[in-house]
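Student: Sequence and computational prediction follow.
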Amino acid sequence: MSELERLNARLEPLVRRSQAGDRDAFNELADECHAQVYRWALAQTGHPDDADDVAQDVLLRLHAGLGRYRSESRFTTWLYRVTRNVAVNHQRRQRRRSKLGERVDAAMIEAAAEVPDPADTLHQADTVEAIMVQFRELPRMQREVFDLVDLQGMTPSEASALLAINPNTVRAHLFRARKTIRSRILERYPALVEDHRT
Amino acid sequence: MKCTDARQALLIADPSELVGGHATEVSRHLRDCSGCAAAAAAIVEHTDALRRALVASAASRHPGVTVRHTAKRGRRRWIVAVPALAAAGLAAVLFMSDTAYRGTEIVPATRAAQTPGPLVDQPMGTNVAVFGTDNPNIVVVWFF
């Protein structure tokens, strides 16, 4: 069972109770799904602050629109589509803002740099920052697919079902995203490149 | 497989191939070539770091959402109360209060009592603020 399926199994009973008017169940539902919604929003918007706005908006819409969810698809699939719509609308509104990740979340970098040697930590943090910027600069579809498959562990088929696009299109986006991100990683290690050239 | 080809393949290979656990050409090459294996390890390590960063970001931004049930204009409404909204509301109230008081004078209770004009009873233990208005015949006296 994938992580998303496990999440769905936890959420479905809460959804039913919320639809029946149980306020505590809705609080729990919002609590349970916020991290995942934020994560999707971050992949879609590329910026933590925008992801926050989107996640908040999704929770409000979730509350207002939960009655319209009819169990025809998985709840997580429905929630993903709501998140996506909100993110797209949000980005339309934000288009005037400067394009991409000039602000990198320091907490994210610290969390990523779990290397004991201080010199390594500095290099790692620097590299993660560069990769994070690169991740944010990916075109939206590439970023979404890369996040779903390589970072969240979905299969390309699962991602294609969630995104409602052809599996081959998913793979094409995935390969482009991998190539960009991994090239950036290797650029940070000139010794490895030199070693390869010699 | 040559290193040149392996380096190209590394850029698009599945993550599981990068750890050399598969029977694919890339995996076989990584088991035999320490240089390409180091490159693959760097990719795996930093992809993991990116994953951790995103997970940490999601975890650190949990809003602590609660739902309250309120009645407004005779109609049942639900609101989602978020601490940030409460803070924003408080800031708005303070700002409005500040704006409303600008140009007025807050005077000590003793001085207010000595000011000639209409007599009012000041409740014990309260302060008083006197607000002038555009209309010279109207003065607002606020006990607080």
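Tutor: Noted; the coordinates are in hand.
Student: longest helix anywhere in chain B?
Tutor: helix B:34-60 (DSSP state H).
Student: so who does residue A:8 touch?
Tutor: A:74, A:75, A:76 (C-beta atoms under 8 Å, 6 or more residues apart in numbering or on different chains). (C-beta placed from N, C-alpha, C; glycine too.)
Student: can you do 10 Å?
Tutor: When contacts are counted by C-beta atoms under 10 Å, 6 or more residues apart in numbering or on different chains, residue A:8 is found next to A:1, A:2, A:15, A:33, A:74, A:75, A:76, A:77, A:78, A:79.
Student: Looking at chain B, which residue is nearest chain A?
Tutor: Nearest residue of chain B to chain A, counting by C-beta to the nearest C-beta: residue B:56, 3.2 Å away.
Student: what's the burial count for that residue?
Tutor: 17 (other C-beta atoms under 10 Å in any protein chain shown).
Student: Show the pLDDT at it.
Tutor: Looking at residue B:56, its pLDDT reads 81.
Student: Using JSON lines, please lay out the contacts of residue A:8 together with distance to residue A:68, secondary structure and neighbour count.
Tutor: As requested, those are exported to JSON lines (distance: C-beta to C-beta, whole Å; DSSP: H, G, I helix; E, B strand; the rest coil; neighbours: other C-beta atoms under 10 Å in any protein chain shown):
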{"residue": "A:1", "distance to residue A:68": "27", "secondary structure": "coil", "neighbour count": "7"}
{"residue": "A:2", "distance to residue A:68": "26", "secondary structure": "coil", "neighbour count": "12"}
{"residue": "A:15", "distance to residue A:68": "12", "secondary structure": "helix", "neighbour count": "21"}
{"residue": "A:33", "distance to residue A:68": "16", "secondary structure": "helix", "neighbour count": "25"}
{"residue": "A:74", "distance to residue A:68": "15", "secondary structure": "coil", "neighbour count": "18"}
{"residue": "A:75", "distance to residue A:68": "12", "secondary structure": "helix", "neighbour count": "21"}
{"residue": "A:76", "distance to residue A:68": "16", "secondary structure": "helix", "neighbour count": "22"}
{"residue": "A:77", "distance to residue A:68": "14", "secondary structure": "helix", "neighbour count": "16"}
{"residue": "A:78", "distance to residue A:68": "9", "secondary structure": "helix", "neighbour count": "20"}
{"residue": "A:79", "distance to residue A:68": "12", "secondary structure": "helix", "neighbour count": "25"}
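Student: Looking at the residues you listed, spot the one nearest residue B:31.
Tutor: When the contacts of residue A:8 are ranked by distance to residue B:31 (C-beta to C-beta), residue A:2 comes first, at 29.0 Å.
Student: What distance do you get for the closest one to chain B?
Tutor: As judged by C-beta to the nearest C-beta, to the nearest Å, residue A:2 and chain B stand 15 Å apart.
Student: And for residue A:46?
Tutor: 11 Å.
Student: from memory that residue sits against residue A:138, does it?
Tutor: Yes. With contacts counted by C-beta atoms under 10 Å, residue A:46 reaches residue A:138, the gap being 7.6 Å.
Student: which stretches of chain A have low pLDDT?
Tutor: Low-confidence regions of chain A, defined by pLDDT under 70, span residues A:1, A:95-124, A:192-198.
Student: Show me the strands in it, by range?
Tutor: Counting by DSSP state E, chain A has no strands to list.
Student: For chain B, name the helix or strand with the lowest mean pLDDT.
Tutor: When each helix and strand of chain B is scored by mean pLDDT, DSSP states H and E, strand B:105-107 comes last, with a mean of 44.
Student: Tell me where chain B has strands.
Tutor: B:66-72, B:75-81, B:105-107, B:128-132, B:139-143.
Student: average pLDDT across the second one?
Tutor: Rounded to a whole number, the mean pLDDT of strand B:75-81 is 46.
Student: ok, and does stretch A:80-89 reach over to chain B?
Tutor: No. Against chain B, stretch A:80-89 shows no contacts by C-beta under 10 Å from any C-beta of the partner chain, the least distance being 12.6 Å.
Student: For that stretch, list the C-alpha coordinates in CSV.
Tutor: Extracted in CSV, the C-alpha atoms of stretch A:80-89 (Å, rounded to 0.1, in the frame of the first residue of the first chain):
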residue,chain,number,x,y,z
TYR,A,80,-5.4,16.8,-5.0
ARG,A,81,-7.5,18.2,-7.8
VAL,A,82,-8.9,20.8,-5.4
THR,A,83,-5.4,21.7,-4.4
ARG,A,84,-4.3,21.9,-8.1
ASN,A,85,-7.2,24.2,-9.0
VAL,A,86,-6.5,26.5,-6.1
ALA,A,87,-2.8,26.6,-6.9
VAL,A,88,-3.5,27.5,-10.6
ASN,A,89,-5.8,30.3,-9.6
